[in-house]
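Novice: no sequence on this one, just coordinates:
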Ligand SMILES: Nc1ncnc2c1ncn2[C@@H]1O[C@H](COP(=O)(O)OP(=O)(O)O)[C@@H](O)[C@H]1O
Ligand SMILES: O=P(O)(O)O[C@H]1O[C@H](CO)[C@@H](O[C@H]2O[C@H](CO)[C@@H](O)[C@H](O)[C@H]2O)[C@H](O)[C@H]1O
């Protein structure tokens, strides 16, 4: 029953692989506060058939004696109890269960609350993003609880990075209010709800649509020009990187080993996306150029930055989700990395946005298609330049930085090919064309 629930959940990372649920463990129970349910903090172990791979997922359950029609879509199955067996629902979808979780902050061991914010413990909860790697529940207009779905023992970088930036007073993140920690598992993160936020990805798409609607104008001439925002994003990222450099350990890494990892990732990606093979030699040449750079500085970074991880508020841009690439093992996500990885992530996003809009438009004659692709490239170039220039504090990118950035951009586009093949196959052409362009000539 749990296996079939997992298989259809967007946040389940094992989609497309044969797996078995090899264990469940209760991490705790929150007593019912009638008419609310009993909440079981459940950990599910998943093993992938024919491999030694194992993963842990958090599936908090709301147990009710009677079926709950309003929660039908979140039914996990029947759960054994002393009596007949309860109806078990994914608790993230249940307001009453989430209210119990919120009220536990500062009350129950493991529900850690940071000072500095008068938390509204009675705010009503509603799931506002169940379609991501994790599930986020909004409490009134006060706070957001992100329940981590795939969990690994040890530090969760989303919590520790937010904590450091909150304590340093960074204006570029939502303030951390607390977290849930049971044994050595960090299960959830409670933070400031950014009430006035607009998603950076949505704003970028709106800007591109504005450009496409004005056949005779250039990107800088349309009302929805995004370059000012791209500039502010560059400033925000530079500031966050500087803060992370001063708060977490820094080091240097041999460029040769980083380049070797990129090549390995390319080999693995080519098995999933065979179309990458024709660009593999050119991509390896990009990585080889980087390998010759000696040692490169590394530090705590975001790790999976793209426009969808940025929110525009009345108080400027905020960066969210410091968990790193969802597919990477935790140990790897905690390692210091090059800040160019984040810059590359944004660079790729500036390429994605115009091409995602172009892909969504109905097919038309070749001249229009050509014109659209020229204008998509123009939008991407303009915003990439604005972002980079602000990131470098209006200075130009040095030759070494350019080589590094190019390698990280290619690496990111290769990663995206695998991500799209697994999650949104119709979008695969976007990063694939990116790899082709980046490695051409
Ligand atoms: N503090 C916040 N306030 C308002 N919205 C937020 C906040 N944090 C994240 N979001 C929104 O929720 C979405 C999911 O958050 P994110 O941290 O990226 O979760 P996931 O790990 O599931 O991808 C983001 O795209 C953003 O739009
Ligand atoms: O937000 P997540 O941490 O789950 O990141 C994953 O999903 C992203 C898509 O939601 C994916 O981003 C890719 O698509 C974006 C448009 O939807 C685009 O802006 C990004 O540039 C592109 O990488 C991300 O790679 C993946 O890790």
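Specialist: Looks like it arrived, so ask away. None of these values were measured; they are calculated from a predicted model. Ligands and ions are numbered 1, 2, ... in the order given.

Novice: can you give me the separation between residue 11 and residue 368?
Specialist: Distance, residue 11 to residue 368, by Cβ to Cβ, to the nearest Å: 39 Å. Just so you know, the C-beta spots here come from the backbone N, C-alpha and C atoms, and that holds for glycine as well.

Novice: ditto for residue 58
Specialist: According to Cβ to Cβ, residue 58 and residue 368 sit 48 Å apart.

Novice: among the two, which residue is more densely surrounded?
Specialist: Comparing residue 58 with residue 368 by other Cβ atoms under 10 Å, the one with more neighbours is residue 58, at 23 against 12.

Novice: and that one, its phi and psi?
Specialist: Here is the backbone geometry of residue 58 (degrees, to the nearest 10): phi -90, psi 120.

Novice: any idea how far it is from ligand 1?
Specialist: 12 Å (Cβ to the nearest ligand atom, to the nearest Å).

Novice: tell me how far that residue lies from ligand 2.
Specialist: Shown here: residue 58 relative to ligand 2, a distance of 16 Å by Cβ to the nearest ligand atom.

Novice: how about residue 340?
Specialist: If you go by Cβ to the nearest ligand atom, the gap between residue 340 and ligand 2 works out to 15 Å.

Novice: hang on, that residue packs against residue 406?
Specialist: No - counting by Cβ atoms under 8 Å, residue 340 stays clear of residue 406, with 9.3 Å between them.

Novice: between the two, which one's more packed in?
Specialist: Shown here are residue 340 and residue 406; by other Cβ under 10 Å, residue 340 has more neighbours (25 against 19).

Novice: report the contact partners of that one.
Specialist: Going by Cβ atoms under 8 Å, 6 or more residues apart in numbering, residue 340 touches 401, 404, 405, 408.

Novice: wait, what's in contact with the residue lying closest to the last one once chain neighbours are set aside?
Specialist: With sequence-adjacent residues excluded and distances taken as Cβ to Cβ, 6 or more residues apart in numbering, residue 408 is closest to residue 344, at 3.6 Å. Neighbouring residues of residue 344 by Cβ under 8 Å, 6+ apart: 405, 408, 409, 411, 412.

Novice: near ligand 1, which residues of the stretch 101-250 of the chain?
Specialist: 129, 132-134, 136, 144, 146, 174, 191-194, 197, 199 (Cβ under 6 Å from any ligand atom).

Novice: in strands, which of these fall?
Specialist: Taking DSSP state E as the definition of strands, these contribute 129, 136, 144, 146, 191, 192, 199.

Novice: what pLDDT does residue 196 get?
Specialist: For residue 196, the model assigns a pLDDT of 93.

Novice: how many neighbours does it have?
Specialist: For residue 196, using other Cβ under 10 Å, the count is 9.

Novice: for residue 360, see how far away it is.
Specialist: Residue 196 sits 27 Å away from residue 360, going by Cβ to Cβ.

Novice: give me the nearest residue to residue 88, chain neighbours excluded.
Specialist: Using Cβ to Cβ, 6+ apart, the closest residue to residue 88 is residue 79 (3.9 Å).

Novice: now that neighbour. Its backbone dihedrals?
Specialist: Dihedral angles (degrees, to the nearest 10) for residue 79: phi -120, psi 130.

Novice: kindly report the same for residue 299.
Specialist: phi -160, psi 180.

Novice: again, but for residue 225
Specialist: Dihedral angles (degrees, to the nearest 10) for residue 225: phi -50, psi 140.

Novice: which residues touch the closest residue to it other than its chain neighbours?
Specialist: Nearest residue to residue 225, sequence neighbours excluded (Cβ to Cβ, 6+ apart): residue 219, at 6.0 Å. When contacts are counted by Cβ under 8 Å, 6+ apart, residue 219 is found next to 211, 225, 226, 227, 375, 378, 379, 382, 383.

Novice: please repeat the previous calculation with a cut-off of 7 Å.
Specialist: Residue 219 is in contact with 211, 225, 378, 379, 382, counting by Cβ atoms under 7 Å, 6 or more residues apart in numbering.

Novice: show me which of those is closest to ligand 1.
Specialist: Using Cβ to the nearest ligand atom, residue 379 comes nearest to ligand 1 of these, at 21.6 Å.

Novice: which segments of the chain make up each domain?
Specialist: 2-192, 198-439 (automatic domain parsing).

Novice: so residue 58 makes contact with residue 187?
Specialist: Yes - if you go by Cβ atoms under 7 Å, residue 58 and residue 187 touch, sitting 5.6 Å apart.

Novice: thinking again about what came up before, and the residues of the stretch 101-250 of the chain next to ligand 1 near ligand 2, which?
Specialist: For ligand 2, the contacts drawn from those by Cβ under 6 Å from any ligand atom are 132, 133.
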